[in-house]
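K.L.:
Sequence isn't available, so here's the structure alone:
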Ligand code: ZN
């Protein structure tokens, strides 16, 4: 096991030069006043603050994790921040995405985040990329930054960020959150540590791990994990302390406990192992078993229907049994009970298939269409023929049919 204590100058500039030999930018009078609590700490001091000013950090996602990351890294004086996001601010974001405000609902997240971060610290440069990170743009966007921070919550992007960071030799500060649980680590094979693929060689089957949009997340949790990620990034830049390289930090907010797992580099890792076979970025949708949207659209006609179609079929007097496969607490927010919908949560589905009549016309529905697609497969295997999936779930119903329905 290599020594994971941070050697001085571990982090290199995007240009490949060591910080120790780089001519660091000077601080002006305003900056000296602003950063005075850092400057009087021996671990930061003038050198450390100038390293922060010289550093570039790319934040992938300006949501739950990206919010505290952006706020604290901007305040700390990281000289160059990059923000990647394609989303717009939605009301349901505000419970945790604290970089955005109520007045920002409907605005692109990168614009809202940039305004807030520039207000916190006008001395830093902020570049924005209003795009999804993809295999064909990732290397180009990442190459100009010293540290990459992954604040996304899907497996395709997580593997993409990991692979692109390893290929470019950059540290990837990882964090993930779900309900009351969070984890964080620093993947940096160039410094002797493992990568995300060493920890998780294969993605979980699609739909196996619910996203925060499906399973929920305590609003405070991304604050805790995001601030841990920001701390690690700052330590990497100033070259102080013991980084989370080779360690996975696990946090349980209900028990209020931190645990730590030792992570070992996998010598067989196709990316950072002894005989790497992955030398370029791949198709991450394919790798994670996600069907590209185009194909789904082509196949929708026979197995899916839109909320508008369902509404018109019901209005035309067609007898349709609607089965809602969400959880009871989701049902309590909104449901199609007035159209005769029945709740059978996906977890109970295998044992309750017997309650369904194969002769009836069945439409399966969940929040966004993912879980009901799994229920569709179960019914198909059980021999049901007359079944369809509600495309986009109850959220699409709220958009297309009933705007008065609360969304979550
Ligand atoms: Zn690896």
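P.N.:
Yes, it's here. Remember, it's a predicted structure, so these values are computed and weren't measured experimentally.
K.L.:
Name the helix or strand for the residue nearest to residue 172 when sequence neighbours are not counted, please.
P.N.:
Nearest residue to residue 172 in three dimensions, chain neighbours excluded: residue 165, at 3.8 Å (C-beta to C-beta, 6 or more residues apart in numbering). Bear in mind the C-beta positions are built from the backbone N, C-alpha and C, glycine included. Residue 165 is part of helix 155-168 when elements are defined by DSSP states H and E.
K.L.:
For this protein, name the helix or strand with the lowest mean pLDDT.
P.N.:
helix 293-303 (a mean of 53; mean pLDDT, DSSP states H and E).
K.L.:
list the helices and strands the next helix or strand after that one packs on?
P.N.:
Downstream of helix 293-303, the next assigned helix or strand under DSSP H and E is strand 304-305. If contacts are counted by 3 or more C-beta pairs under 8 Å, 6 or more residues apart in numbering; DSSP states H and E, strand 304-305 sits against strand 387-390.
K.L.:
Give the rounded mean pLDDT of the strand it packs on.
P.N.:
Here strand 387-390 scores 94 as its mean pLDDT.
K.L.:
And stretch 220-237, by the same measure?
P.N.:
Averaging pLDDT residue by residue across stretch 220-237 gives 97.
K.L.:
Now do it: distance to the chain's middle.
P.N.:
Relative to the chain's own centre, stretch 220-237 is displaced by 15 Å; criterion: C-alpha atoms, centre = their mean, to the nearest Å.
K.L.:
Tell me how many other residues surround residue 308.
P.N.:
Close neighbours of residue 308, defined as other C-beta atoms under 10 Å, add up to 14.
K.L.:
For the residue lying closest to it once chain neighbours are set aside, give me phi and psi.
P.N.:
Counting by C-beta to C-beta, 6+ apart, residue 308 lies nearest to residue 400, which is 4.9 Å off, once chain neighbours are set aside. With angles defined as degrees, to the nearest 10, residue 400 sits at phi -90, psi -30.
K.L.:
okay, which residue of the protein is out on the far edge from center?
P.N.:
With distances taken from the mean C-alpha point of the chain and given as C-alpha atoms, centre = their mean, the most distant residue is residue 317, at 42.9 Å.
K.L.:
Show me how far the longest helix seen in the chain is from its chain's centre.
P.N.:
The longest helix of the chain (DSSP state H) is helix 221-238. Mean C-alpha position of helix 221-238 versus that of the full chain (C-alpha atoms, centre = their mean) differs by 15 Å.
K.L.:
What is the subsequent helix or strand relative to that helix?
P.N.:
Next helix or strand after helix 221-238 toward the C-terminus (DSSP H and E): strand 247-252.
K.L.:
That following strand pairs with which strands?
P.N.:
Strand pairing for strand 247-252, using DSSP bridges, gives strand 181-187 (antiparallel), strand 257-262 (antiparallel).
K.L.:
re earlier: so for the helix holding residue 165, what's the average pLDDT?
P.N.:
Per-region confidence: helix 155-168 scores 96 on mean pLDDT.
K.L.:
now the angle from it to strand 181-187?
P.N.:
For helix 155-168 against strand 181-187, the angle between stretch directions is 20 degrees (axes from the mean of the first three to the mean of the last three C-alpha atoms, to 10 degrees).
K.L.:
isn't residue 234 right up against residue 75?
P.N.:
No: judged on C-beta atoms under 8 Å, residue 234 makes no contact with residue 75 at a distance of 10.8 Å.
K.L.:
of the two, who's got more company?
P.N.:
Legend: neighbour count by other C-beta under 10 Å for residue 234 and residue 75, higher for residue 234 (24 against 15).
K.L.:
any idea how far stretch 123-140 is from the chain center?
P.N.:
That offset, for stretch 123-140, works out to 15 Å (C-alpha atoms, centre = their mean).
K.L.:
ditto for stretch 239-256
P.N.:
18 Å.
K.L.:
quick one, what contacts residue 198?
P.N.:
Listed by C-beta atoms under 8 Å, 6 or more residues apart in numbering, the contact partners of residue 198 are 263-266, 269, 272-273.
K.L.:
before we move on, the earlier item: how near is the residue nearest to residue 308 to residue 337?
P.N.:
The spacing between residue 400 and residue 337, counted by C-beta to C-beta, to the nearest Å, is 18 Å.
K.L.:
That'll do, ta.
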